[in-house]
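Asks: Take a look and give me a structure for this.
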Amino acid sequence: MALAGTAGVIGLLALAAWLRFGAGTEGPLPAPTAGAPSVVPTATPPAAAASPSAMPVATPSPRRGASAVDVPPTPAPAAPATPTPALSPEARLQRAEELMEKGRYAQALAEARAVLAADPTNAQAIALAQDAEAAAVVEECLRNARAALDAGDRDKALAETRRGLEVSKSDARLLALFGELVAR
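Replies: Below you'll find the model as predicted:
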């Protein structure tokens with residue numbers, strides 16, 4: 001019994017390694033191991049996976065005594081979404097400014113980077129991207145410092161506060177937290 005259990009574990013380890021490193025690649029499937037489960041997942045070729053029409057459609061088989069009313073109809077395919085028109089750099093920068101005001105720094109940074117992808121020398125987009133990155137770091141440091149403080153780790157809270165102050169030396173929230181930590 002122990003031998004069969006060991007073979008099963010080895011087979012599962014081989015399967016896990018194959019799924020982690022070899023799934024989705026073309027080539028032969030791994031050979032079954034003695035005592036391993038007989039169900040081996042198969043890799044779908046990339047071309048077939050990309051095509052929705054090539055996907056198999058499951059059709060429910062009616063139960064004994066079930067009528068056609070009991071079987072739910074298959075949903076109709078969704079209509080393709082119409083592409084949104086590309087925004088002008090000015091509109092993207094305006095949206096980024098609004099996102100910054102709302103504290104949504106990652107989205108503001110994405111908008112600024114979209115402008116920079118088209119025009120790498122846009123000074124307003126460069127400044128906005130730098131501000132968004134700095135604000136995101138400050139928010140992360142504040143969040144980490146407060147979590148460390150709640151966990152009773154004053155040293156980690158102080159380190160996170162100092163890291164935030166390296167980015168923004170005049171942030172009032174960081175300065176207040178730093179003062180509180182130093183006073184302890």
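
Asks: Give the buried residues for the longest helix seen in the chain.
Replies: The residue-count maximum for a helix in the chain (DSSP state H) belongs to helix 123-150. Using 16 or more other C-beta atoms under 10 Å as the test for burial, helix 123-150 gives 125, 128-129, 131-133, 135-139, 141-142, 144-145, 148-149. From N, CA and C alone the C-beta is placed, and that goes for glycine too.

Asks: by contact count, what packs against that helix?
Replies: Secondary structure elements in contact with helix 123-150, counted by 3 or more C-beta pairs under 8 Å, 6 or more residues apart in numbering; DSSP states H and E, are helix 89-101, helix 105-118, helix 154-167, helix 172-183.

Asks: Need the ones you listed in CSV (columns: mean pLDDT and mean neighbour count).
Replies: CSV is the format used below for these (pLDDT from 0 to 100; neighbours: other C-beta atoms under 10 Å):
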stretch, mean pLDDT, mean neighbour count
helix 89-101, 95, 17
helix 105-118, 95, 19
helix 154-167, 96, 18
helix 172-183, 93, 14
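
Asks: Residue ranges of each domain in this structure, please.
Replies: 1-23+31-39, 89-183 (automatic domain parsing).

Asks: Just give the nearest non-adjacent residue to Arg113, would you?
Replies: Closest residue in space to Arg113, ignoring its immediate chain neighbours: Ala129 at 6.1 Å, by C-beta to C-beta, 6 or more residues apart in numbering.

Asks: Roughly how far does the one you found sit from Arg162?
Replies: Ala129 sits at a distance of 24 Å from Arg162 (criterion: C-beta to C-beta, to the nearest Å).

Asks: Low-confidence regions, this protein specifically.
Replies: Within the chain, the set of residues satisfying pLDDT under 70 comprises 1-85.

Asks: what's the spacing between the residue lying closest to Lys156 once chain neighbours are set aside and Glu139?
Replies: Nearest residue to Lys156 in three dimensions, chain neighbours excluded: Ala148, at 3.9 Å (C-beta to C-beta, 6+ apart). Using C-beta to C-beta, one gets 15 Å for the distance from Ala148 to Glu139.

Asks: Ala112 now?
Replies: Plainly put, Ala112 is 17 Å away from Glu139 if you go by C-beta to C-beta.

Asks: How about Val167?
Replies: Applying C-beta to C-beta, the value for Val167 to Glu139 is 10 Å.

Asks: now Ala114
Replies: 21 Å.
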